[in-house]
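*Asks:* I would like to see how this sequence folds:
(one chain, ligands or ions: 3)
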Amino acid sequence: MNRIYLIGFMGCGKSAVGRRLSFLLKLPFYDMDKEIVRQTGKTIPEIFEQHGEKYFRDLETQFLQNFKNDYCIISTGGGATMRKENQKIMRNTGLVMFLDAPFREIWRRIHRDPNRPIVRQSTREEIEALHKARYRGYKQTAHITIRTEFRTLRQITQYAAFQVNRLKSERFDLN
Ligand SMILES: Nc1ncnc2c1ncn2[C@@H]1O[C@H](COP(=O)(O)OP(=O)(O)OP(=O)(O)O)[C@@H](O)[C@H]1O
Ligand SMILES: O=C(O)C1=C[C@@H](O)[C@@H](O)[C@H](O)C1
Ligand SMILES: [Mg+2]
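*Replies:* Ligands and ions are numbered 1, 2, ... in the order given. Below you'll find the predicted structure:
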């Protein structure tokens, strides 16, 4: 139990909070999407186009199975909590924090981004339905849910750091 996983829908703030938390707690930061891009030498849209979504989901599971570093912060892909297998690995190897942002805010942040194949191919209603369908999975996977509405990135990061320090003595071995 010595990693911190940030989970949640696309655009909820995982990368932005992860970077700040990494600085505050002095722990290295890994972005799962970026690691997959680095390992495959392909962009995420390329992976989806050339190999399909299932292949990308397998890469996510492989990343979680093979990742060896401890004492770090990992920002996960927005769909990485869909598989039970992935949920298990995350809960068993770290503290899992769900950044819970309201859908209208998420949509405002992601709808023009060309690097998100799922958003590019879908309507707002479809993405909202996906958010709804995944919500329970995020809640179930997380040890802690952080509601981000009306909070700045700084406030969210400080709250996350407070939770890490609070839980450290109980079950989270970061020393
Ligand atoms: N609480 C917040 N207040 C203001 N801006 C925010 C907040 N959370 C995130 N943002 C901004 O929203 C955008 C999306 O955030 P970010 O890239 O961190 O999301 P993400 O969860 O990593 O998404 P993905 O991994 O799917 O790309 C960024 O420009 C980020 O600075
Ligand atoms: O929500 C999703 O299914 C995804 C989110 C991104 O982080 C990437 O992992 C990819 O674009 C798929
Ligand atoms: Mg990100």
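*Asks:* lowest confidence element among the helices and strands of the protein?
*Replies:* helix 117-120 (a mean of 86; mean pLDDT, DSSP states H and E).
*Asks:* Show me what secondary structure element comes after it.
*Replies:* helix 124-141 (DSSP states H and E).
*Asks:* So for the following helix or strand past that next one, mean pLDDT?
*Replies:* Next along the chain after helix 124-141, taking DSSP H and E as the criterion, comes strand 144-147. For strand 144-147, mean pLDDT is 97.
*Asks:* residues touching the closest residue to ligand 3 within the chain, list them.
*Replies:* Nearest to ligand 3 in the chain, going by C-beta to the ion, is residue 15, at a distance of 3.2 Å. Where you see a C-beta, it was placed from the backbone N, CA and C, and this is true even at glycine. Taking C-beta atoms under 8 Å, 6 or more residues apart in numbering as the criterion, residue 15 is in contact with 31, 75.
*Asks:* just checking, it is part of a helix?
*Replies:* Yes: looking at residue 15 with DSSP: H, G, I helix; E, B strand; the rest coil, it is inside a helix.
*Asks:* Name whatever forms a beta bridge with the nearest residue to residue 28 once chain neighbours are set aside.
*Replies:* Leaving aside its sequence neighbours, residue 28 sits nearest to residue 72 (C-beta to C-beta, 6 or more residues apart in numbering; 4.6 Å). Note on residue 72: beta-bridge partners residue 3, judged by DSSP bridges.
*Asks:* Quickly note the distance from residue 72 to residue 8.
*Replies:* For residue 72, the distance to residue 8 equals 18 Å [C-beta to C-beta, to the nearest Å].
*Asks:* the more surrounded of those two?
*Replies:* Neighbour count, other C-beta atoms under 10 Å: between residue 72 and residue 8, residue 8 has more, with 28 against 18.
*Asks:* pretty sure that one is touching residue 139, no?
*Replies:* No: taking contacts as C-beta atoms under 8 Å, residue 8 lies outside contact range of residue 139: 10.4 Å.
*Asks:* Show me whatever sits in contact with both of the two.
*Replies:* residue 98.
*Asks:* can you give me the helices for the chain?
*Replies:* Here the chain has its helices, by DSSP state H, at 14-25, 32-40, 44-51, 53-66, 84-93, 103-110, 117-120, 124-141, 153-168.
*Asks:* Residues of the protein that sit close to ligand 1?
*Replies:* Near ligand 1, the residues belonging to the chain are 8, 10-16, 33, 75, 78, 109, 148, 151-153, 156 when assessed by C-beta under 6 Å from any ligand atom.
*Asks:* Go back to these and keep what's next to ligand 2.
*Replies:* Restricting the residues of the chain next to ligand 1 to those near ligand 2 by C-beta under 6 Å from any ligand atom leaves 10, 33, 78.
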